[in-house]
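Engineer: Turn this into a structure:
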Amino acid sequence: MPETISKAVKKPAKTSKAKTQAQGSPAPAKKPVGAPTTYNNHIATVICIRIAEGESLNRILKEQGMPAQSSVYEWLLRHPEFAEKYTRAREEQADTLADEIIDIADESPETVEVRDKEGNVLDIKIDSGYVSYQKQRIEARKWTAMKLKPRKYGDRVALEGVEGGASIKTEDTNANKFLDIIKNMEMTKRAG
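Structural biologist: The predicted model follows:
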């Protein structure tokens, strides 16, 4: 029985591309799959603007019509003008993140009402979970700004000559000032 079934079902004959084109029927067109991979100056500019405004490259590239991350890295290697714009955008991103730190620190804290059994408000306290969340947001931005623009936001290390060797001295920088802002914010909230 299996022999008759296999004989009854004929497989179509394979034709080569050359034979198909010679017969006059066009070869099937391949549809592009995924995001564009060829360099596009407009898309490259949009990516740089959004990075400078504080967005992550990962978030930008997840959107429809954006290239794959590997394509952007290839563009950086092959197109010096894009590499220069991208470098400047990353530097500007550091300044944007530093500005965001101040905005986050200036936000009004979320509060929690402490009530008795009858529902009367006994006290209003600052939500400690909110404080932790804000601290994490500030730390992430501070760390990124320090890595993107270490001369401006990083800890400066200076060597001092001392008898028998050198000692390392860390100077106050904007990054340390951000830590002071966080500590001050926490102390103000506790006192309030």
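Engineer: Count the neighbours of V131 for me.
Structural biologist: Look at V131: counted by other Cβ atoms under 10 Å, it has 17 neighbours. From N, CA and C alone the C-beta is placed, and that goes for glycine too.
Engineer: Next one: it from A98, what distance?
Structural biologist: 21 Å (Cβ to Cβ, to the nearest Å).
Engineer: again, but for R137
Structural biologist: Counting by Cβ to Cβ - R137 and A98 are separated by 13 Å.
Engineer: Looking at the two, which one has more neighbours?
Structural biologist: Using other Cβ under 10 Å as the criterion, R137 and A98 rank with A98 on top: 21 against 15.
Engineer: what's the helix or strand for the residue lying closest to the more buried one once chain neighbours are set aside?
Structural biologist: Among residues not flanking A98 along the chain, A145 sits closest, at 5.0 Å (Cβ to Cβ, 6 or more residues apart in numbering). According to DSSP states H and E, A145 maps onto helix 128-148.
Engineer: Check which residues of that helix are buried.
Structural biologist: Residues V131, Q134, K135, I138, R141, K142, T144, A145, M146, L148 are the ones in helix 128-148 that count as buried (16 or more other Cβ atoms under 10 Å).
Engineer: Stretch 81-99 now?
Structural biologist: F82, K85, Y86, A89, R90, E92, Q93, A94, D95, T96, L97, A98.
Engineer: which element follows the helix holding A145 toward the C-terminus?
Structural biologist: helix 150-153.
Engineer: counting contacts, what elements does that next one pack onto?
Structural biologist: Here helix 150-153 touches helix 80-106, helix 128-148, helix 174-191, going by 3 or more Cβ pairs under 8 Å, 6 or more residues apart in numbering; DSSP states H and E.
Engineer: try 7 Å
Structural biologist: Judged by 3 or more Cβ pairs under 7 Å, 6 or more residues apart in numbering; DSSP states H and E, the packing partners of helix 150-153 are helix 174-191.
Engineer: what sits against L61?
Structural biologist: P67, A68, Q69, V72 (Cβ atoms under 7 Å, 6 or more residues apart in numbering).
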